[in-house]
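Q: coords please:
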Amino acid sequence: MRLRSIRVRLTVIYSTLLFALAGGALAITYFAVAQTTSPQPVTQRTAKIYNNYEYVGTTTVAEVSEIEAAVNYNTLENLRTYSLIALGGLLISSLGIGWVLSGRVLRPVGAIARTARDIQATDLSRRIRLQGPHDELRDLADTIDSMLDRLDDAFQAQRQLIDDASHELRSPLAIIRTHLDASLTAEDASAEERTRAVAVVDRATTRMSRLVEDLLATARRDADATTETDVDLSATAREAGEEAVVSDRVLRYATVPDLHLIGDADALRRAVGNLLSNALRLAPDSSTVTIATGRVGSWLWLAVADEGPGIAAEDLPRVFDRFWRGGAGRSSPSGREASSRGQSSPRERRTGLGLAIVRQIVESHGGQVAAFSTLGVGSTFVLWFPTIDRTDDDPPPATSPLR
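A: A predicted model of the protein is given here:
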């Protein structure tokens with residue numbers, strides 16, 4: 001038993017307070033009794049006894065008041081003695097009771113401490129889950145559990161970031177190394193081959209740069225490092241369209257003014273930009289990519305539609321997953337026709353982190369994402385956001401707002 005433990009200190013404090021209160025009460029009682037009576041011992045006096053004027057002997061005599069005072073004296077003496085005995089017994093029993101009660105009170109603290117000692121950075125799955133009344137200790141345990149949930153999410157995000165980086169950076173680094181080795185070590189390499197190697201390295205570094213930006217954006221969203229302001233959804237859509245590299249595609253706007261929500265303007269612009277980048281990459285030459293906004297009930301929506309190869313119905317639920325790779329049109333005639341028209345080949349149907357970041361941003365704003373597609377016709381990606389004045393709990397429509 002540690003003498004400096006909080007259990008010992010609580011026991012001593014409880015016992016001392018109880019002893020002091022009981023001692024004070026008995027002292028007050030003792031002095032009150034002493035002040036209201038006249039206790040004093042009997043003074044022994046003798047008197048001669050005569051019988052018919054004949055001396056017989058002596059006897060002890062006292063006045064009635066003296067006898068009463070003597071009785072009070074004896075009573076007060078007994079009160080003091082029994083009070084001291086009671087205080088001694090109270091001190092011993094209070095120590096025992098205080099030790100048991102403090103142990104019961106501190107039992108949740110011990111459970112919290114044991115759980116905290118068992119938790120390691122590599123395993124944050126343990127939780128206290130304290131049972132009992134909703135008191136301060138229960139609040140403390142619930143707060144620690146909530147903190148562990150946030151830490152677990154942070155460590156999971158960190159591990160996911162490392163896995164994603166190592167997974168995606170390996171390929172462009174290998175490409176860069178291969179082409180640099182080939183162009184620098186081959187003495188008979190022509191100027192055309194060196195130029196082609198430089199172009200490949202440039203594309204690989206561009207891909208790496210875009211990947212690093214996506215990883216950083218994901219990390220910032222996981223850390224909840226955002227600034228919320230009043231955002232005009234249609235203006236954000238147009239800004240993202242102005243920043244997009246359209247090339248030889250046609251970008252068409254079908255936006256509605258005055259669609260406002262509270263959110264992170266930069267993050268929302270990035271989400272729209274990622275959708276546009278995905279659509280423009282897959283859309284065939286001279287095709288149209290549409291950006292549209294609107295409102296349905298208590299939901300605002302933003303949609304990006306392309307005329308690309310489309311996505312198979314069984315793949316639609318997974319297009320917003322990290323580094324998803326699909327095979328839209330891989331075995332269908334429409335897929336082969338799309339490829340012959342200059343669209344991206346099936347093996348290029350991959351989302352990387354772009355659409356995963358889109359879903360992350362939208363869900364952090366209380367919204368939902370949806371994808372609709374027809375093979376050989378195109379795809380539509382819809383972002384749903386709750387309105388500022390929303391009063392119901394109805395989900396967004398299950399159909400595309402662009403029909």
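
Q: tell me who's in contact with residue 356.
A: Neighbouring residues of residue 356 by C-beta atoms under 8 Å, 6 or more residues apart in numbering: 218, 320, 321, 322, 323. C-beta here means a position set from N, CA and C on the backbone, and glycine is covered the same way.

Q: and residue 172, how far from residue 212?
A: Per C-beta to C-beta, to the nearest Å, residue 172 is found 11 Å from residue 212.

Q: who's more crowded, these two?
A: The residue with more neighbours, out of residue 172 and residue 212, is residue 172; 19 against 13, by other C-beta atoms under 10 Å.

Q: confidence score at residue 338?
A: At residue 338, the pLDDT value in this model is 39.

Q: buried residues in stretch 394-403?
A: Within stretch 394-403, the residues scored as buried using 16 or more other C-beta atoms under 10 Å are 396, 400, 401.

Q: can you redo these as TSV with pLDDT?
A: Formatted as TSV, the buried residues of stretch 394-403 follow (pLDDT from 0 to 100):
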residue	pLDDT
396	93
400	93
401	93
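
Q: now tabulate those residues in CSV and tack on secondary structure and distance to residue 378.
A: Formatted as CSV, the buried residues of stretch 394-403 follow (DSSP: H, G, I helix; E, B strand; the rest coil; distance: C-beta to C-beta, whole Å):
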residue, secondary structure, distance to residue 378
396, coil, 21
400, coil, 11
401, coil, 15
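
Q: need these in TSV with distance to residue 390, can you?
A: What follows is the buried residues of stretch 394-403, written out as TSV (distance: C-beta to C-beta, whole Å):
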residue	distance to residue 390
396	11
400	21
401	17
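
Q: tell me the one of the residues you listed nearest residue 204?
A: Minimum distance to residue 204 across the buried residues of stretch 394-403 is 36.1 Å, recorded for residue 400 (C-beta to C-beta).

Q: show me where the chain has its strands.
A: 45-50, 55-61, 229-232, 250-254, 260-263, 288-296, 299-305, 368-374, 378-386 (DSSP state E).

Q: adding mean neighbour count and mean pLDDT, write these out as JSON lines.
A: Listed next are the strands of the chain as JSON lines, based on neighbours: other C-beta atoms under 10 Å; pLDDT from 0 to 100:
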{"stretch": "strand 45-50", "mean neighbour count": "10", "mean pLDDT": "66"}
{"stretch": "strand 55-61", "mean neighbour count": "10", "mean pLDDT": "68"}
{"stretch": "strand 229-232", "mean neighbour count": "14", "mean pLDDT": "93"}
{"stretch": "strand 250-254", "mean neighbour count": "13", "mean pLDDT": "94"}
{"stretch": "strand 260-263", "mean neighbour count": "18", "mean pLDDT": "93"}
{"stretch": "strand 288-296", "mean neighbour count": "19", "mean pLDDT": "95"}
{"stretch": "strand 299-305", "mean neighbour count": "24", "mean pLDDT": "96"}
{"stretch": "strand 368-374", "mean neighbour count": "19", "mean pLDDT": "94"}
{"stretch": "strand 378-386", "mean neighbour count": "23", "mean pLDDT": "95"}
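
Q: for residue 134, which of those strands is the nearest?
A: Evaluated with C-beta to C-beta, those place strand 378-386 nearest to residue 134, the distance being 31.7 Å.

Q: show me the longest helix that occurs in the chain.
A: If you go by DSSP state H, the chain has its longest helix at helix 64-118.

Q: show me where the stretch 201-350 of the chain has its helices.
A: Taking DSSP state H, counting those that start in this stretch to define them, one finds helices in the stretch 201-350 of the chain at 233-243, 265-282, 333-340.

Q: of those helices, flag the one that's most buried.
A: Of all the helices of the stretch 201-350 of the chain, helix 265-282 has the most neighbours on average by mean count of other C-beta atoms under 10 Å, namely a mean of 22.

Q: report all helices and strands that that one contacts.
A: Using 3 or more C-beta pairs under 8 Å, 6 or more residues apart in numbering; DSSP states H and E as the contact test, the elements touching helix 265-282 are helix 191-222, strand 229-232, helix 233-243, strand 288-296, strand 299-305, helix 354-364, strand 378-386.

Q: what's the closest of the buried residues of stretch 394-403 to residue 119?
A: Out of the buried residues of stretch 394-403, the member with the shortest distance to residue 119 (by C-beta to C-beta) is residue 396, at 39.3 Å.

Q: can you pull up the most central residue in this structure?
A: In the chain, the centroid-proximal residue (C-alpha atoms, centre = their mean) is residue 150; its distance is 3.4 Å.

Q: if I look at it, how far off is residue 156?
A: For residue 150, the distance to residue 156 - C-beta to C-beta - is 11 Å.

Q: now do residue 81
A: On the measure of C-beta to C-beta, residue 81 and residue 156 end up 71 Å apart.

Q: how does the chain divide into domains?
A: What automatic domain parsing lists as the domains of the chain is 6-118, 122-225, 228-403.

Q: give me whichever of these is most buried.
A: Mean neighbours per residue, mean count of other C-beta under 10 Å, is largest over those for domain 228-403, with a mean of 18.

Q: any idea how far apart the tips of that one sit?
A: 32 Å (C-alpha to C-alpha, to the nearest Å).

Q: same question, stretch 371-390
A: Start-to-end, stretch 371-390 (C-alpha to C-alpha) is 24 Å.
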